[in-house]
Structures are given as structure tokens and as C-alpha cells.
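Participant: kindly generate the corresponding structure for this input.
(one chain, ligands or ions: 1)
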Amino acid sequence: MNVKTHQRLLLTGAAGGLGQALRTRLKANCEILRLSDRVDPGQAAAHEECVIADLADADAVNAMVQGVDAIVHMGGVSVEGAFAPILQANILGVFNLYEAARKNGVKRVVFASSNHVTGFYRQCETITTDRPARPDGLYGVSKAFGEDLSRFYFDRYGIETACVRIGSSFAEPRDRRMLATWLSFDDLHRLISACLSTPVLGHTIIFGMSDNSATWWDNAQARHVGYVAKDSSDTFREAVFARTAAPDLSDPAVQFQGGAFVRTGPFE
Ligand code: 15L
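Facilitator: I've put the predicted structure just below:
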């Protein structure tokens, strides 16, 4: 069930893969959807407005945030890579975003964190959201920074944040790992809607996953969010097994939850 909770909602990273998937779906959550990205997110519909902004530019970020009631922050670098762009978009960028939220009185943020914050836990263990971060790369470290920064802005300024540790949000699970990490686009939207509409969010970490039978993550400490997944990777299990080879258990990408991210890089 969806509730139109906000007058003006900001979606950052609107031109990216998940931004595009959310663009149509978030129409249900607000009167006006403000779309932002570094690149043009395309022609605005009647209920939309577009703001081009680089997250590393504090003034541009402040203008992007002015007048919004809540933020769905999907912007920034979303894969492992060289440190310079991660520093600009995910570290400086998330600082600029929270400073803009503080200055403009925005009280709720849904922050796209990542399962790569805990990518160095093993695939044979189930972890809760309060286990220490074990990032599997610089990208994971930057998301851990975002989680800590948002906790600081909650403790000091009362800005509520849901840090959604997104698993693998694609149209379908692409490999055997994703049978555990898959998050359908509709469930991603359900999860964000729950974060936007729960009466008291606080500072919450929640793993973003569908109702997959195989899972490594336990969201018991985030029940107050009220997220109920409706999709499951189980539907794709047979097809995924049929088209993929049996895993090589000596491969770190098979041993650890972060998959191939644990052996990506180093980047000079
Ligand atoms: C992520 O954080 C990435 O943004 C996405 O491209 C996937 O690779 C996903 O993690 C994953 O772990 O499957």
C-alpha cells in the first residue's frame, strides 16, 4: 500500500539505472518529484522538475535541496573503482547533501547504501544490521562513511535516515550470488515507500532484498520500517542454475558476500 507522503520529493541519481526504475514509481509518493543528476535526466513530466547538479559542488547541491520535504539519495558512484571520483561523489557529495538538508530543514533521507559495506562477511553466515562494517573496497568504505555521517546528522540535528544496503537491484538475478542478494525494482520502491511513510524512522540500517529463500541478511532490527517484500528470486532459481556453472569454492568472489567486488582493483 502506498501513501502520498510528501509534497516535493527529491530523487538524486535520477539518470542512473535505479533512478530510472524509481522515477515512474515514486510518482505515487509525492505531488512533485524533483529529479537531479549530473547529466540531464530527460524531459520532465507535468508532476516533475529537473535540477542538474554535481554532488561535489556545495552550492549546486544546496540549490537542488531547497524546497524539498524529503530526499531519496541514489546519486554518486555505484561500483568499485578509482578513489578520486568516489571521494568527490560519495564522500564530499554526501557531506554536501547533509549540509544542504540541515540548512534547508529537510528531516528525512533515504540513503542508497550498499551491501558492499559488509562485503567481507562470508556467504555462509547471516548477519544483522548492527554487525561492524567490513567494506570490500573503496566504494564500500565510502558507503560506510555515508552511514556514519547520516548517524551523526541524526544524533546532532535530528535528520532521520534510512541507510538502505541495497543488494543486487536488477530486473532479474543475473547469477547464483544474486539468488541471495536480489531486490526487485518493485520491492526497492516498496522499501523506499516504507522508509518515507513510517511514522518514526530514526537512524535505521536496513538490507535491501526481496523475499529470497536464501539470504545472508537479517532485518529484525528494522521492523519498525514496515517493509514487506512481495517478490522473490526463487522464481528464477531453476533458470539461473541452468545457465551458470557450479561455483569454484576457492574463489574469494564465491566465499564472500561482496562477490566479485572483493577482488576488484587496485585502481591507481
Ligand atoms: C552494488 O552496490 C552495485 O551498485 C551494483 O551494481 C551491484 O553490483 C550490487 O552492488 C551487487 O552487489 O550485486
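
Participant: just give me the longest helix of this structure.
Facilitator: If you go by DSSP state H, the chain has its longest helix at helix 138-157.

Participant: show residues contacting that one.
Facilitator: 76-81, 83, 86-87, 90-91, 94-95, 98, 101-102, 109, 111, 113-114, 116-119, 133, 135, 159-161, 163, 165, 202-203, 205, 258, 261, 265, 267 (C-beta atoms under 8 Å, 6 or more residues apart in numbering). All C-beta atoms are positioned from the backbone trio N, CA, C, and that covers glycine.

Participant: tell me the buried residues in it?
Facilitator: 138-147, 149-151, 153-154 (16 or more other C-beta atoms under 10 Å).

Participant: about what we covered before: the contacts of helix 138-157 also near the ligand: which ones?
Facilitator: S78, V79, S114, H116 (C-beta under 6 Å from any ligand atom).

Participant: which residues of the protein lie near the ligand?
Facilitator: S78, V79, S114, N115, H116, I166, S168, T181, G259.

Participant: A helix includes the second one, no?
Facilitator: No: assessed with DSSP: H, G, I helix; E, B strand; the rest coil, V79 is coil; it does not lie in a helix.

Participant: please, where are all the strands along the stretch 151-268 of the chain?
Facilitator: 160-166, 203-208, 217-218 (DSSP state E, counting those that start in this stretch).

Participant: can you list the strands that the longest one pairs with?
Facilitator: The strands beside strand 160-166 in its sheet (DSSP bridges) come out as strand 108-114 (parallel), strand 203-208 (parallel).

Participant: Serialize these to JSON lines and add fields for mean neighbour count.
Facilitator: Formatted as JSON lines, the strands paired with strand 160-166 follow (neighbours: other C-beta atoms under 10 Å):
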{"stretch": "strand 108-114", "mean neighbour count": "26"}
{"stretch": "strand 203-208", "mean neighbour count": "24"}
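
Participant: I'd like those strands laid out as JSON lines, including mean pLDDT.
Facilitator: Putting the strands paired with strand 160-166 into JSON lines (pLDDT from 0 to 100) gives the following:
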{"stretch": "strand 108-114", "mean pLDDT": "98"}
{"stretch": "strand 203-208", "mean pLDDT": "98"}
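
Participant: picking up where we left off before, the longest helix of the chain - what's its average pLDDT?
Facilitator: Helix 138-157 shows a mean pLDDT of 98.

Participant: where does that helix sit relative to the chain's centre, distance-wise?
Facilitator: Distance of helix 138-157 from its chain centroid, counting by C-alpha atoms, centre = their mean, to the nearest Å, is 13 Å.

Participant: what segments of this protein are helices?
Facilitator: 17-25, 58-65, 83-86, 93-104, 138-157, 178-181, 185-197, 237-243, 252-255.

Participant: I'd like to know which of those lies nearest to L10.
Facilitator: helix 58-65 (6.5 Å; C-beta to C-beta).

Participant: name the residues that touch stretch 39-49?
Facilitator: Against stretch 39-49 from outside (C-beta under 8 Å, 6+ apart): 14-15, 19, 23, 27, 30-35, 50, 52.

Participant: tell me who's in contact with the nearest residue to Q123 once chain neighbours are set aside.
Facilitator: Nearest non-adjacent residue to Q123, counting by C-beta to C-beta, 6 or more residues apart in numbering: Q257, 5.6 Å away. Counting by C-beta under 8 Å, 6+ apart, Q257 touches N115, T118, G119, F120, Y121, R122, Q123, D136, T181, W216.

Participant: any of these buried? List them.
Facilitator: Buried members of the contacts of Q257, scored by 16+ other C-beta under 10 Å, are N115, T118, G119, F120, Y121, Q123, D136, T181, W216.

Participant: determine which two of these are furthest apart.
Facilitator: Using C-beta to C-beta, the two most remote members of these are F120 and T181, lying 14.7 Å apart.
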